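> Quick one: sequence and predicted model below, then my questions.
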Amino acid sequence: MIKTPKLYFCDTGLCAYLSSWTSRDTLINGAASGHYLENYVVAEMLRNSSYGEKKVNLNFYRDTNQKEIDLVLETDGQLHPFEIKRAASPERKAIRAFPLLEKSGKEIGAGGIICLSRSRLMQRTT
């Protein structure tokens, strides 16, 4: 696992302004739109988890082969992997890196793909 930190803005509006991405169309269709969505989701997860009773650690995973998992929530000794995609119907291969977390020795809990779909696309049962 790589220990390089990622930088997230708590205010995506400020981030867009500082990057001179000030129009709605540019934010939605621009080359960095996926990065802004990922930043927004992580900031919302951080806000949401800060109000909860359980301690939740938020991380991301990247190994030396550049395999990534956008968001890994750790709570109660379980790891919950999430990919964040701008697409409304992302491909299932987006979760192919999830099994890499098994090397941690921790239990792998439910995870998924956070995307722009208007409804739940699939549900894994265990």
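All right, it came through fine. Please read all numbers here as calculations on a predicted model, not as lab measurements.
> so where's the protein shaky on pLDDT?
1-4, 121-126 (pLDDT under 70).
> Now do the strands in it.
57-62, 68-75, 78-84, 107-108, 112-114 (DSSP state E).
> As TSV, these with distance to residue 22 would be great.
From N, CA and C alone the C-beta is placed, and that goes for glycine too. Output for the strands of the chain, formatted as TSV (distance: least, CB to CB, whole Å):
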stretch	distance to residue 22
strand 57-62	27
strand 68-75	25
strand 78-84	23
strand 107-108	40
strand 112-114	25
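> Tell me which of these sits nearest to residue 12.
strand 78-84 (13.0 Å; CB to CB).
> circling back to that earlier point, now mean neighbour count too, for the strands of the chain, in a markdown table please.
Output for the strands of the chain, formatted as a markdown table (neighbours: other CB atoms under 10 Å):
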| stretch | mean neighbour count |
| --- | --- |
| strand 57-62 | 16 |
| strand 68-75 | 18 |
| strand 78-84 | 20 |
| strand 107-108 | 14 |
| strand 112-114 | 19 |
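> Residue 37 is nearest to which of the ones you listed?
Closest of the strands of the chain to residue 37 is strand 78-84, at 6.2 Å (criterion: CB to CB).
> helices and strands around that closest one, which ones?
helix 33-50, strand 68-75, strand 107-108, strand 112-114 (3 or more CB pairs under 8 Å, 6 or more residues apart in numbering; DSSP states H and E).
> what does the longest one contact?
Applying CB atoms under 8 Å, 6 or more residues apart in numbering, the contact partners of helix 33-50 are 8-12, 15-16, 21, 27, 56, 58, 70-71, 73, 84-86, 114, 116.
> now do the last one
By CB under 8 Å, 6+ apart, the surrounding residues in contact with strand 112-114 are 41, 71, 82-85, 90, 94-95, 121, 124.
> gap between that strand and the chain center?
Computed by CA atoms, centre = their mean, to the nearest Å, the chain-centroid distance of strand 112-114 equals 8 Å.
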